[in-house]
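Asker: Curious how this folds, go ahead:
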Amino acid sequence: MQHEQYETHRAEWQGIALEIRYCPSWSGSYEEIYGYPLAHLEIESANREPLPITETGYLSHFTGSELIAAEGGPVAYAVAWLDYEADSAAWKRLQAEREQLSLF
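Answerer: Residues are numbered from 1 along each chain as shown. Next up, the predicted model:
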């Protein structure tokens, strides 16, 4: 397995600091076999704060690099994905619970 160099980007989404690591061609063997690169994207929030795409604050995701490029790069891809998933009922419920004061 051949690991290429990762790019590291910092971004902010809804006040949450993010670190986005991106490798546009994670496996040379994969590219040889399938004819296109397999990209690896890691998204991690500061203090592992939950995100709409991961309850743990960390996500490892493999996809085609052309999909990330089409979105405008790894940061734009991650932010668009977060924005999309933030509309889910589960995320809205979690946010409401976090804002609700608890006596226990």
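Asker: This protein: strands as residue ranges?
Answerer: For the chain, the strands defined by DSSP state E occupy 7-13, 16-23, 38-45, 58-64.
Asker: Need the per-residue pLDDT for the spatially closest residue to residue 57 that is not a sequence neighbour.
Answerer: Sequence neighbours aside, residue 48 is the residue nearest to residue 57 in space, at 3.2 Å (criterion: Cβ to Cβ, 6 or more residues apart in numbering). All C-beta spots, glycine's among them, are computed from the backbone N, C-alpha and C. Reported pLDDT at residue 48 in the predicted model: 94.
Asker: Was I right to think residue 48 contacts residue 54?
Answerer: No: Residue 48 is beyond contact range of residue 54, at 9.0 Å (criterion: Cβ atoms under 8 Å).
Asker: And these two? Which one has more around it.
Answerer: residue 54 (18 against 12; other Cβ atoms under 10 Å).
Asker: who's in contact with the closest residue to that one other than its chain neighbours?
Answerer: Computed as Cβ to Cβ, 6+ apart, the closest residue to residue 54 that is not its neighbour in sequence is residue 43, at 7.3 Å. Going by Cβ atoms under 8 Å, 6 or more residues apart in numbering, residue 43 touches 18, 19, 20, 51, 53, 54, 58, 59, 61, 78.
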